[in-house]
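Student: I'll drop the sequence and a predicted model, then ask my questions.
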Protein chains: 2
Amino acid sequence: MALIVHKYGGTSMGSTERIRNVAKRVAKWHRAGHQMVVVPSAMSGETNRLLGLAKELAPSKASPSYERELDMLASTGEQASSALLAIALQAEGLQSVSYAGWQVPIRTNNAYTKARIESIDDARVRADLDAGKVVIVTGFQGMDDAGNITTLGRGGSDTSAVAVAAAMKAQECLIYTDVDGVYTTDPRVVPEARRLKTVSFEEMLEMASLGSKVLQIRSVEFAGKYRVPLRVLSSFTPWDIDIREEAASGTLITFEEDEHMEQAIVSGIAFNRDEAKIALRGVPDKPGIAYQILGAVAQANVEVDMIIQNISKDGRTDFSFTVNRGDYAKTMDLLRASVIKGLGVEDVEGDTKICKVSIVGIGMRSHVGIASKMFRALSEEGINIQMISTSEIKTSVVIDEKYIELAVRALHKAFDLDQPTAA
Amino acid sequence: MALIVHKYGGTSMGSTERIRNVAKRVAKWHRAGHQMVVVPSAMSGETNRLLGLAKELAPSKASPSYERELDMLASTGEQASSALLAIALQAEGLQSVSYAGWQVPIRTNNAYTKARIESIDDARVRADLDAGKVVIVTGFQGMDDAGNITTLGRGGSDTSAVAVAAAMKAQECLIYTDVDGVYTTDPRVVPEARRLKTVSFEEMLEMASLGSKVLQIRSVEFAGKYRVPLRVLSSFTPWDIDIREEAASGTLITFEEDEHMEQAIVSGIAFNRDEAKIALRGVPDKPGIAYQILGAVAQANVEVDMIIQNISKDGRTDFSFTVNRGDYAKTMDLLRASVIKGLGVEDVEGDTKICKVSIVGIGMRSHVGIASKMFRALSEEGINIQMISTSEIKTSVVIDEKYIELAVRALHKAFDLDQPTAA
């Protein structure tokens, strides 16, 4: 008998019909002898509906007291779906109880709308499990020290599930979603993309941060910190498929670097269309310049992704970075208004028609020549590389947006990702 | 500076447009120097929507664990509207904070779906008021001793508002609703019906229990117990009407029997179409007979309203009572199946085509001949009285349903309720 955590996304909880299917699937696991904790998201559309009402009342008022109320509001969506799932499980003949975040309690800091979990008290949940109940822990939410409701930000139910699994030392945390696992790249771009049976935690972290939307990045970080075995799998398989088959499906995110994983040098190709490039030319090369540029950008709450500074020439250097495309205009205005003149920068230019393509693989650590293989594959397709950034397990390039599919397909093929692994 | 509690019903909170109007009205009261606590209901339709989803998942499973989940579910409607109202108040430039029942906390027993308030801790709310905030207390809900969410049953937000007003010793509790006060009778039946400027607590209690749906009866009981001045008024007046005019509008439910109130002997005519009559003829007149009949009925969870036992003749008596029309068939089946034979009752008959009409007035206490005036008015219209029941401040009759409007109009006129009061 193992303790298992299931997490179901908004689409999986999207109607009473689907909630009933979730209940039947959970009941199957319970009857197989497992202690079950389930973390559901709000029914799809519900969070947007609620926040839409708030927006009608107050178009844009970002203050802690406003965000406190947004959390009071948005947290009701998950609480309702948790209660509905408990009811559906009772209708299946199981004992079930749902808890809001504050009832567990799941304690967070007080950063409303993006709170971080600080601790989870598992006593209440464990007592219920020992009494034979299926316990529903409401996702996405917690309570701060002053007893206010907080939420964990978009996709926060993933993080709730992983945190509960960590606190309760669950054998595995299964994230049921509308895709059936993690792929070598987006199958809509490369039809030959294969589902990965396993992916390392670090690779998953890079893929999540590089635009693969399967899991919320903070949930992956959390899983890594507490070494929670995490599996991404589909909630659209029939609920009554064989449980052993189901338990082996999807993609397992692992923490042991076994031999099998060493064989795949590159595990996947990630890409992101949502970036814009900003380049400052002729920046005087003196200490503190990066801080002076990016400090102003950060203060305007703009997140910077890639940052590249070339070697200097004649006491001047070029400084480039990428931002979310939605922040591009704001960032350019800011630079023109205050930064450029003050620093004596010669010129600033930007481009929104770019994209970022990355190869990700834990095997890159111990294999040389991976980056050059990437650059060759792109050059063979006549694709010009505008920026390059590397880390231990990934190499990213910025290229013209129009080449994105071509680049992804070329790289997918170059690294044999369309071939079944030898193992 | 007074402490005032406002309560807004679901219709008043039915859209963001209406929530904005509520916020403007509350802001007006706050700016006039009052400390404001506001108790909103869920947006109209929301509670039904949520309970409809539960019903789809589990058509009818009445168990404590099921009802616990219903309360988890239904309580989200009020929490969401509370947060929305706080946001709307912030958009009006006020400081505002909303609290769920458990955050206040409002403590109740654990009778899920119909819990009763046991205590309210006012420390948190009072601290916020003293800091200049408008405090939103979520209606309809509380928390039991084990930390479970409970709800107070339909219309429970009225009770929440009155309980908060009592706990905080508010100067007045204003119940904003979609009618503009308590009337001498239903204006749809008698166009000449007048709005009462004041009505005594006891009269209001009778009217609420007799089918006048303006206030939930438990809220009136609560107001009586703690002597909370309660005013029913319309939320559809323009929000910016003069505050003194607004403060004097609607109907005030009072606890002092002043001279003014003595003048109106009968304050209103209540009626109820929703009853059915059951008569047992030839019941052996021996001790315990009433208990044996009604005990069985009560055990089947059927609420009995009027109960009448005539004097006996030849050792046998007639025993009649009324039940909710929806319980009629069930009650007749029950009586036929077990009670009739066991008691040696000669005959049982019933009638669903009846109605109850009542005159209510605190002045009846000190005036004789009121009942006979009622009976004469009915007889002049040729209306036969089937049952009579009296209390200190009301007299009710059961008549043929088809005469209901005629009877109400005749009584309204007979007691001069269409005339302005002398005061």
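Tutor: Alright, I've got the coordinates.
Student: tell me the domain ranges of chain A?
Tutor: Structural domains assigned to chain A are A:3-256, A:263-423, following automatic domain parsing.
Student: Select, out of those domains, the one closest to chain B.
Tutor: In terms of Cβ to the nearest Cβ, the element of those nearest to chain B is domain A:3-256, at 3.7 Å. The C-beta positions use only the backbone N, C-alpha and C, and glycine is treated the same way.
Student: Can you name the residues of the stretch 101-250 of chain A that neighbour chain B?
Tutor: When proximity is defined as Cβ under 8 Å from any Cβ of the partner chain, the stretch 101-250 of chain A approaches chain B at A:102, A:103, A:147, A:148, A:149.
Student: One more pass at 6 Å, please.
Tutor: Proximity of the stretch 101-250 of chain A to chain B is confined to A:103, A:147 under the rule Cβ under 6 Å from any Cβ of the partner chain.
Student: could you pull out the strands for the stretch 101-250 of chain A?
Tutor: Counting by DSSP state E, counting those that start in this stretch, the stretch 101-250 of chain A has strands at residues A:106-108, A:117-120, A:134-137, A:141-143, A:149-151, A:172-177, A:198-200, A:230-234.
Student: Worst mean pLDDT among these?
Tutor: Across the strands of the stretch 101-250 of chain A, strand A:198-200 has the smallest mean pLDDT, namely a mean of 89.
Student: shouldn't residue A:227 be in contact with residue A:253?
Tutor: No: using Cβ atoms under 6 Å as the test, residue A:227 is too far from residue A:253 to be in contact (10.5 Å).
Student: more crowded one of the two?
Tutor: Remark: of residue A:227 and residue A:253, residue A:253 carries more neighbours, 28 against 12, as counted by other Cβ atoms under 10 Å in any protein chain shown.
Student: Let me know the angle separating the helix ranked longest in chain A from helix B:64-91.
Tutor: In chain A, ranked by residue count with DSSP state H as the criterion, the top helix is helix A:64-91. Calculated by axes from the mean of the first three to the mean of the last three Cα atoms, to 10 degrees, helix A:64-91 forms an angle of 160 degrees with helix B:64-91.
Student: ok, and does helix A:64-91 reach over to chain B?
Tutor: Yes: against chain B, helix A:64-91 shows contacts by Cβ under 6 Å from any Cβ at A:66, A:69, A:72-73, A:76, A:79-80, A:83-84, A:86-88, A:90-91.
Student: What of stretch A:48-56?
Tutor: Yes: Stretch A:48-56 reaches chain B (Cβ under 6 Å from any Cβ) through A:53, A:54, A:56.
Student: Make TSV from those and add neighbour count, pLDDT and secondary structure to it.
Tutor: Rendered in TSV, the data for those read as follows (neighbours: other Cβ atoms under 10 Å in any protein chain shown; pLDDT from 0 to 100; DSSP: H, G, I helix; E, B strand; the rest coil):
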residue	neighbour count	pLDDT	secondary structure
A:53	20	96	helix
A:54	23	96	helix
A:56	17	95	helix
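Student: which one of these is nearest residue B:364?
Tutor: Of all the residues of stretch A:48-56 next to chain B, the one sitting nearest residue B:364 is residue A:53; the distance, using Cβ to Cβ, is 48.9 Å.
Student: Any stretches of the stretch 101-250 of chain A with poor pLDDT?
Tutor: Scanning the stretch 101-250 of chain A with the threshold set as pLDDT under 70 gives A:209-213.
Student: how about 90 then?
Tutor: A:114, A:153-156, A:178-183, A:185-189, A:199-226 (pLDDT under 90).
Student: Helices of that one, start to end?
Tutor: Listed from the start of the chain, the stretch 101-250 of chain A has helices (DSSP state H, counting those that start in this stretch) covering A:123-130, A:156-167, A:201-209, A:217-226, A:243-247.
Student: buried sites along the first one?
Tutor: By that I understand helix A:123-130. Of the residues in helix A:123-130, those buried under the neighbour-count criterion (16 or more other Cβ atoms under 10 Å in any protein chain shown) are A:124, A:125, A:126, A:128, A:129.
Student: what do you get for stretch A:40-52?
Tutor: Residues of stretch A:40-52 classed as buried under the neighbour-count rule (16+ other Cβ under 10 Å) are A:40, A:41, A:42, A:43, A:44, A:46, A:47, A:50.
Student: coming back round to it: most neighbours among the residues of helix A:64-91 next to chain B, which one is it?
Tutor: Going by other Cβ under 10 Å, residue A:86 tops those with 33 neighbours.
Student: isn't it right up against residue A:137?
Tutor: No: contact criterion Cβ under 6 Å: residue A:86 and residue A:137 do not qualify, at 10.8 Å.
Student: And for residue A:403, nearest residue in space, chain neighbours not counted?
Tutor: Taking Cβ to Cβ, 6 or more residues apart in numbering or on different chains, and ignoring the residues beside it in sequence, residue A:403 has residue A:383 as its nearest neighbour in space, at 4.7 Å.
Student: Now do that neighbour, the pLDDT please.
Tutor: Looking at residue A:383, its pLDDT reads 92.
Student: try residue A:286
Tutor: Here the pLDDT value assigned to residue A:286 is 79.
Student: How about residue A:422?
Tutor: The model reports residue A:422 with a pLDDT of 42.
Student: One more: residue A:264?
Tutor: The per-residue confidence score, pLDDT, reads 65 for residue A:264.
Student: and what of the one 3 residues further on?
Tutor: Per-residue confidence (pLDDT) for residue A:267: 87.
Student: Could you find the closest non-adjacent residue to the residue nearest the centre of chain A?
Tutor: Nearest to the centroid of the C-alpha atoms of chain A, with distances taken as Cα atoms, centre = their mean, sits residue A:216, at 2.4 Å. Closest residue in space to residue A:216, ignoring its immediate chain neighbours: residue A:155 at 3.3 Å, by Cβ to Cβ, 6+ apart.
Student: What number of neighbouring residues does that neighbour come out with?
Tutor: 19.
Student: now do residue A:154
Tutor: Residue A:154 is surrounded by 13 other residues when neighbours are defined as other Cβ under 10 Å.
Student: buried residues in stretch A:402-414?
Tutor: Buried residues in stretch A:402-414, defined by neighbour count with 16+ other Cβ under 10 Å: A:403, A:404, A:406, A:407, A:408, A:409, A:410, A:411, A:412, A:414.
Student: Surely the first one is within a strand?
Tutor: So that's residue A:403. No: assignment of residue A:403 by DSSP: H, G, I helix; E, B strand; the rest coil gives helix, placing it outside any strand.
Student: Alpha carbons only: can I get stretch A:5-15 in CSV?
Tutor: Backbone C-alpha positions of stretch A:5-15 (Å, rounded to 0.1, in the frame of the first residue of the first chain) are rendered in CSV as follows:
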residue,chain,number,x,y,z
VAL,A,5,-1.0,12.0,-5.0
HIS,A,6,-3.1,12.7,-8.1
LYS,A,7,-3.4,16.2,-9.5
TYR,A,8,-6.1,17.0,-12.1
GLY,A,9,-6.0,20.1,-14.2
GLY,A,10,-8.9,22.4,-15.1
THR,A,11,-9.8,20.6,-18.3
SER,A,12,-9.9,17.3,-16.5
MET,A,13,-12.4,18.9,-14.0
GLY,A,14,-14.2,20.8,-16.7
SER,A,15,-17.7,19.3,-16.3
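Student: Measure how whichever strand or helix holds residue A:357 sits relative to helix A:201-209, angle-wise.
Tutor: If you go by DSSP states H and E, residue A:357 is part of strand A:354-360. Regarding strand A:354-360 and helix A:201-209, their directions subtend 170 degrees when assessed with the same axes, to 10 degrees.
Student: partners of strand A:354-360 in the sheet?
Tutor: Strand A:354-360 has its sheet partners listed here by DSSP bridges as strand A:268-272 (antiparallel), strand A:394-400 (antiparallel).
Student: Mind picking the two most distant members of the buried residues of stretch A:402-414?
Tutor: A:404 and A:414 (15.7 Å).
Student: follow-up on the earlier one: tell me the helix or strand right after the longest helix of chain A.
Tutor: strand A:96-99.
Student: per-residue confidence averaged over that next one?
Tutor: This predicted structure assigns strand A:96-99 an average pLDDT of 98.
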